[in-house]
Each structure stands twice: as C-alpha cells, then as structure tokens.
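K.L.:
What follows is a predicted protein model with its sequence.
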Amino acid sequence: MTEAKLDLTIGGVSFHGEGEQLWLAEQMDKILQAAPQLGAVQPAPRRDSSRSGADIHDGGEFTATLAGYIREKAGETNQVQRFLATCDWLRRRGTKELTTSAVTKALSDNQQKRLSNPADCLNKNVAKGYCEKTGNAFFITPDGLKHLGYA
C-alpha cells in the first residue's frame, strides 16, 4: 500500500493524518460529511497531487505557526532540517526571495532556537540538492520540496 499524508482544515476543524491512501480517503469522506453539522464553512481548496512541488503556493491561506511547522517537518533537533523547514514556511507565507537573514529573522521573531551557522545550513542543503543559490538569494528545489513531503 502507498503511504500518504493529509492536512485538511474546514472552518475551525482540522485533521492531520498519515497512513495508507485508502484509509486517509475514508477519513476525509467522514470529515466532509460531518462538516455541516460541525458548523464548518467550506473546505479549503484541495491541492492537485499531479502538480510538482515547485508549483505549490498557498499564498495568504497558510496559517501554520513556525514552531508547529518545524515540528511537523522534523526540524526540532536538526539545524539543517530546521533551516529548510523555515525556508519552506517563509515560501508558503509568500516570501519571494529567500535569504539566510530572512530565515534567521523568522526564527528570532517566532521565538525559535537560533541556528549556530545559517550560511553553513544553507550550504549543506545546497550540497544535498534541496536548495539552489541565485545571486544573493536562494530557492528550494523540487528535491527539497519532495524531502519536505510534497509529492
């Protein structure tokens, strides 16, 4: 069976699950059926799983806290992973140009553990193929998005 992840928010109701695709589909159907009784408004737009990770853009709809997002992406104890998760958090919130100073500021502004060497974290993500430098900025590659759990 194929493992999958599902993050679904309908009004004030959220569901986060990992498991077999069939099981997750059943859970989603149950939630969608129960949503009207729970007073939920409309489901958030579903992502088209056929799109590449580079096409994913949630704009202003992304509301996860940085602390929760770092925890979700397993970056609590690994600085290189925390850097990548923070980059993705910034990207999903609409930041067009990622920089190490933007990552450092986001961590500080959100009371998260600082990185001992942000430039080294970027270089390690570049070496893994998860980020690519462009002049004074960088971006997350499709491999980096895949590493973070995007199809």
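P.N.:
Nice, I can see it.
K.L.:
tell me which residues in stretch 127-140 are buried?
P.N.:
Residues 130-131, 138, 140 are the ones in stretch 127-140 that count as buried (16 or more other Cβ atoms under 10 Å). (Glycine included, C-beta is placed from N, CA and C.)
K.L.:
what is the rounded mean pLDDT of that stretch?
P.N.:
Across stretch 127-140, pLDDT averages out at 94.
K.L.:
Name the residues that touch that stretch?
P.N.:
Residues from elsewhere that reach stretch 127-140 (Cβ atoms under 8 Å, 6 or more residues apart in numbering): 84, 87-88, 91, 97-99, 122, 125-126, 141, 143-144, 147-148.
K.L.:
Columns secondary structure and distance to Q79 on top of the buried residues of stretch 127-140, output as JSON lines?
P.N.:
What follows is the buried residues of stretch 127-140, written out as JSON lines (DSSP: H, G, I helix; E, B strand; the rest coil; distance: Cβ to Cβ, whole Å):
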{"residue": "Y130", "secondary structure": "coil", "distance to Q79": "14"}
{"residue": "C131", "secondary structure": "strand", "distance to Q79": "14"}
{"residue": "F138", "secondary structure": "strand", "distance to Q79": "16"}
{"residue": "I140", "secondary structure": "strand", "distance to Q79": "16"}
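K.L.:
Can you turn the buried subset of the contacts of stretch 127-140 into a selection I can paste into PyMOL?
P.N.:
To isolate the buried ones among the contacts of stretch 127-140 in PyMOL, judged by 16+ other Cβ under 10 Å, type:
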select buried, resi 84+87+88+91+98+99+122+125+141+144+147+148
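K.L.:
In strands, which of the contacts of stretch 127-140 fall?
P.N.:
Among those, none falls in strands (DSSP state E).
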